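Enquirer: no sequence for this one, just the structure:
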């Protein structure tokens, strides 16, 4: 049975978690996203390691963040970008440029390529950070803002990434035997943080632990108080915010060929001005038996077969989704994943087709291998009504530990761990 200190810690963590959730509703939008419909396929990754979370080590040679995107256009724009430093909650922290970059905090997007032999014309842009023009000197969270050099006040797109000092040892584990159920609908994390190399005065107030499930800002929690301290180790376990709905494996499809149907594709129709891809009809999975499938946990990879560089040779295809199920009496259904920038928007919302008795949506997507799931939005929140929650589901959890010294100006990212659950 939990002792008094453990009970107080659990209650305190619950209250703080609820406050953080309420405050998030009024937060500044810093999600990775585009603001104009001509910009597509925005991706943020570690250069050479596309499956890793977008986090690099401070001052480590050879580690760079790659930000890549297209504009559906025939001519290039002269784009520029700058950085903003954010706190542990991904909000602007008021630091000035000289506190986190050496030199100028602005540079031109110089790596530009034009689409070749594609029906849809586009211009491909790539940014690698840090670089000779923008030299990062502080750890923490960052937001890249991209704009036209003629209109610097209009942000065209933005992208998140992080830089870590790697000074704290972070160890996390995940289990399907949770404080709510055992092999049911949840997964639970336990986290330990070795602070012996940190100038830590108050481990109960100076640390922030942020856990993100499947790279999604909608599945993210912040812990401000450890459950206990063991020597120099802060321990976070048996805390309600560390219990996540298990969800289900992402659905996937491949459009690496524009002539032959790949995984998840029923048929391809060669039409002008764009090729139409029709995916197999989807159905709800909540009541079906769990089936393992190797996925990218909601991310996608641009890829086209029999071409040189997919960044400029992959075409854009109109990808058609169909979900066969009765119309919901309330709530809306959205396509969730990086392919829709993890946003619940008109672009990602499934539309009810009354004549066919099903939900439909069409997305113009670059050729590649994609992951997606269906999320239901109701007045009570986001639910897994269609996909269900299956305890063996393989989920990725990214644990970031931040430290702010008393009087410190910003949250330093001092340690990271990245783990997978399930099989």
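Expert: Thanks, I have it. Remember, predicted model here, so these are calculated numbers, not experimental data.

Enquirer: what bits of the stretch 301-423 of the chain have low per-residue confidence?
Expert: Applying pLDDT under 70 to the stretch 301-423 of the chain picks out residues 423.

Enquirer: Mind jotting down where the helices sit in it?
Expert: 310-313 (DSSP state H, counting those that start in this stretch).

Enquirer: can you give me the strands in it?
Expert: Using DSSP state E, counting those that start in this stretch, the strands of the stretch 301-423 of the chain run over 301-302, 316-323, 332-336, 351-353, 358-366, 368-378, 381-383, 396-403, 412-420.

Enquirer: Nearest to residue 390 among the ones you listed would be which one?
Expert: Residue 390 lies closest, by Cβ to Cβ, to one member of the strands of the stretch 301-423 of the chain: strand 368-378, at 12.2 Å. C-beta coordinates here come from the backbone N, C-alpha and C atoms, glycine included.

Enquirer: May I see the buried residues of that closest one?
Expert: For strand 368-378, burial by neighbour count (16 or more other Cβ atoms under 10 Å) applies to 368-376.

Enquirer: elements contacting that strand?
Expert: Counting contacts by 3 or more Cβ pairs under 8 Å, 6 or more residues apart in numbering; DSSP states H and E, strand 368-378 is packed against strand 251-254, strand 301-302, strand 332-336, strand 381-383.

Enquirer: how long is stretch 374-390 end to end?
Expert: Start-to-end span of stretch 374-390 (Cα to Cα, to the nearest Å) is 15 Å.

Enquirer: brain fart, stretch 218-225
Expert: Stretch 218-225: ends 21 Å apart by Cα to Cα.

Enquirer: if you average pLDDT over that stretch, what comes out?
Expert: Regarding stretch 218-225, the rounded mean pLDDT is 95.

Enquirer: just to revisit the earlier point, looking at the helices and strands packed on strand 368-378, which is buried most?
Expert: Mean neighbour count (mean count of other Cβ atoms under 10 Å) peaks for strand 332-336 among the helices and strands packed on strand 368-378, with a mean of 22.

Enquirer: Please enumerate residues in contact with the strand or helix carrying residue 45?
Expert: Using DSSP states H and E, residue 45 sits within strand 39-46. Strand 39-46 is contacted from outside by 32-34, 52-56, 63-72, 122, 156-157, 159-161, 300, 302, 316, 338, 341, 364-366, using Cβ atoms under 8 Å, 6 or more residues apart in numbering.

Enquirer: And stretch 167-184, by the same measure?
Expert: The contact list for stretch 167-184 (Cβ under 8 Å, 6+ apart) reads 186-195, 197-198, 238, 240, 243, 246, 389, 391-392, 395, 397, 399, 401, 403, 414-417, 419-422.

Enquirer: of the strands of the stretch 301-423 of the chain, which approaches residue 258 most closely?
Expert: With distances scored as Cβ to Cβ, the stretch of those nearest to residue 258 is strand 316-323 (6.2 Å).

Enquirer: Show me what that closest one is packed up against.
Expert: The contact analysis (3+ Cβ pairs under 8 Å, 6+ apart) places strand 316-323 against strand 276-279, strand 358-366.

Enquirer: Spatially, and excluding backbone neighbours, which residue is closest to residue 87.
Expert: residue 93 (4.3 Å; Cβ to Cβ, 6 or more residues apart in numbering).

Enquirer: Please report how far the one you found lies from residue 85.
Expert: From residue 93 across to residue 85, the span is 6 Å (Cβ to Cβ, to the nearest Å).
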